[in-house]
Structure formats: structure tokens, C-alpha cells
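Novice: coordinates only, no sequence provided:
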Ligand code: KMH
Ligand code: ZN
């Protein structure tokens, strides 16, 4: 089977990380654009978008998403934007769904309830069905975020019933969240073997696991997500100065392993997007 070029996603902001942890975490519009551009210039074809108010409070406000996504698109021509429908732990389903009203080409769809540090990230079946219905109606391709093996099984059952968008499916295996599946190559392999042929997938390693998981993902023909949402350090004890530094480290790893990096247009082809 042909190995496609590597799609690098930058999760530039997240909902939980703060400037106290890393001063480069973006909150304002200008900071969001700066971080997206640094990632794009370093080789990211996809930006996973969360938004904050200027004081750092996470929000799913539709108009905040509109302004931020328009500005990122202007600064990073052609980039693929994947707004979050996960939001922050504790938000209602209605709040979380707001960015889908903007008709993005993709959005995340979290595939099950799980522990999230001390919290519980709630994605029960009624939520999955509601989010699947919205994405079918608005022709949004989901990025299926799976934190546990049961999440894969759950979403495949819903796809088989036509309740969420089906093939070709894009999965993001988010491994290493406190309380969820550990970020090991073995667990990644187990998850990849459980998805339908013809699917695409991305690996996201949380914290120090970011690059430990990136290397096997690149070698296995998958794609990689990094960024401040997932990891704040470039290496042990060294804070990343930008999302671009994290993306560059993945692009350098890919070069070492002989895997070219996809442009946004190439990524759109690989993901089977409509435009
Ligand atoms: N902030 C996390 C609780 C997503 O973007 O879809 C959920 C999250 C997933 O970030
Ligand atoms: Zn997210």
C-alpha cells in the first residue's frame, strides 16, 4: 500500500493550558494568528482550533470562532481548520456545537466519555448522536477523537447505522491523557488495527509522550498532531517558544525517517475533503 505524505496538525491553543504554564500560549486574536502562522510556516497543514476570550477563559462562542478562523485563514492561505466541538470540560452540548454553525469543512467529534485528569469529559451516546446529526446535515467531516479503545467501537457502530458520517473516516488517537489509555506504540498499533481499511489516522501524544508517539506514527504511515494543547515543552525542561518549534521537530523527525510532509492541498486530497 502506498504511504501518503505526512499531515502535521497543530493544536495551537486548547482549552485548558495557560500562559502561567507557557507564556506563548495564545489567547487573543493576534496571538492566535501568530501561533497558527508559526505552525503553518513550519509545515502544519491543519490547525485544530479552540478559542479563548482575551483573559484566557475558554469559550465556544460562534462569533469568536468566526473571527479567529477568518484571521488564521487569511494569514495561512489554504490551511485546513478543525474547530473543536469538545470545548472545555463541563460545557453543555449546545455550547460545544456552536462552531459547526459556521460550516467548517471539518470539526472534531469526541467519541466517548472518559476521565480527564480530575474531571470527567462527558460524551454520552445522546451527545454523539446529536453531534453526528449536525455534521451530517452541515456536511462536516468529523475528526473522530478517540481516547480509549471503546471509543473506536462506539463510533464504528454509530457509523454503521448511518448516525454519524462514514467512510472515509479520519481518527485522532489521543493517548496519554491522565486517566485514559497510555501513550505507547503498542497501544497505538492496537488502535490502528481496529479501524476500517481506507481510514486515515493521526496520533496525538500528551505531554512528554508527544515525540515518543510521533516517531512510530510517522513510521507506520499515520499522521501527527502536536501543539500547546497537548505539549508545552520542546524537550525535557525546555519550554517551546512557539507552536512552530513543535511542528518543526515533527517535520525534522519525518525528514530523518524519509517521509515528506503534506501541503494543505495535498492533505485535503489525502483526507478526501470536498474542496
Ligand atoms: N478540551 C478537552 C476537554 C476536542 O477538541 O474535541 C477536549 C478536547 C477535544 O480538546
Ligand atoms: Zn481540542
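Specialist: That came through, no problem. Computed from a predicted structure; not experimentally measured. Residues are numbered from 1 along each chain as shown. Ligands and ions are numbered 1, 2, ... in the order given.
Novice: from the stretch 151-275 of the chain, which residue is nearest to ligand 1?
Specialist: Taking Cβ to the nearest ligand atom, ligand 1 has its nearest neighbour within the stretch 151-275 of the chain at residue 229, 6.4 Å off. Every C-beta, even on glycine, is put in place using the N, C-alpha and C of the backbone.
Novice: the stretch 1-150 of the chain too?
Specialist: For the stretch 1-150 of the chain, Cβ to the nearest ligand atom, closest residue to ligand 1: residue 86, 2.5 Å.
Novice: ok, that residue touching residue 144?
Specialist: No. At 11.7 Å, residue 86 does not count as touching residue 144 under the criterion of Cβ atoms under 8 Å.
Novice: so for these two, which residue has more residues nearby?
Specialist: residue 144 (27 against 23; other Cβ atoms under 10 Å).
Novice: in what helix or strand does the more buried one lie?
Specialist: strand 141-146 (DSSP states H and E).
Novice: is ligand 1 contacted by that strand?
Specialist: Yes. Residues of strand 141-146 contacting ligand 1 under Cβ under 6 Å from any ligand atom: residue 145.
Novice: secondary structure class for the residue of the stretch 151-275 of the chain closest to ligand 1?
Specialist: coil (DSSP: H, G, I helix; E, B strand; the rest coil).
Novice: run a quick neighbour tally on it.
Specialist: The tally of other residues near residue 229 (other Cβ under 10 Å) stands at 24.
Novice: quick one, what contacts the closest residue to it other than its chain neighbours?
Specialist: Nearest residue to residue 229 in three dimensions, chain neighbours excluded: residue 14, at 2.9 Å (Cβ to Cβ, 6 or more residues apart in numbering). Residues near residue 14 by Cβ atoms under 8 Å, 6 or more residues apart in numbering: 25, 50, 227, 228, 229, 230.
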